[in-house]
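Asker: model the following, please.
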Amino acid sequence: MADKKISVLYVDDEENNLFSFKAVFRIKYQVYTAISGDEALKILAEKPIQVIITDQRMPAMTGVEFLEKVIPIYPDPIRLLLTGYADMNAVVDAINKGKIFHYLTKPWNEEELDMTINRAFEAYLEKIKLKKENEKLGMSNEQLEFLLRQKLLS
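Answerer: Numbering: from 1, shown residues only. Down below sits the predicted model:
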């Protein structure tokens, strides 16, 4: 994907983390940052995001709560959760409710996060491919049903 950068949305209530993430990854990826879940939802409404990375511990809305809001509206982006706390309940919630692709601990390791973003993007591409194939099959089924109805009526 040399011609177009992977679009990544990073959500964290700590501004220093947003600056660090952008500084490290802005050359390689199209980076968007948000200081809250609400701000991130606004970005999702305006930008085609492929990978979402969110911190778990945020004041107004946890990472899992944010992802739960994202799923019904924007189901395609692949979701990653970051947390500095060894909170297994948050991880379980993230997997079950936030349908995350991967969980990482803070502070993040640049190389591990980079590899995870790339794997998440591969999963995104596969998801879009399957979605398109299903749409084609759906259209084929509709056409078959129409032809079958025509045959039954004649």
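Asker: can you list the weak-confidence ranges in the chain?
Answerer: 1-3, 85-94, 96-98, 139-141, 144, 154 (pLDDT under 70).
Asker: max-length helix in it?
Answerer: In the chain, with assignment by DSSP state H, the single longest helix is helix 110-153.
Asker: residue 41 versus residue 122, what's the distance?
Answerer: 25 Å (CB to CB, to the nearest Å). The C-beta positions use only the backbone N, C-alpha and C, and glycine is treated the same way.
Asker: who has more neighbours, those two?
Answerer: residue 41 (17 against 11; other CB atoms under 10 Å).
Asker: next, the contact list for that one, please.
Answerer: Residues near residue 41 by CB atoms under 8 Å, 6 or more residues apart in numbering: 66, 69-70, 73.
Asker: now swap in residue 6 and tell me
Answerer: Residues in contact with residue 6 (CB under 8 Å, 6+ apart) are 28-30, 50-51, 117-118, 121.
Asker: filter the contacts of residue 41 to the buried ones?
Answerer: Among the contacts of residue 41, those classed as buried by 16 or more other CB atoms under 10 Å are 66, 69-70.
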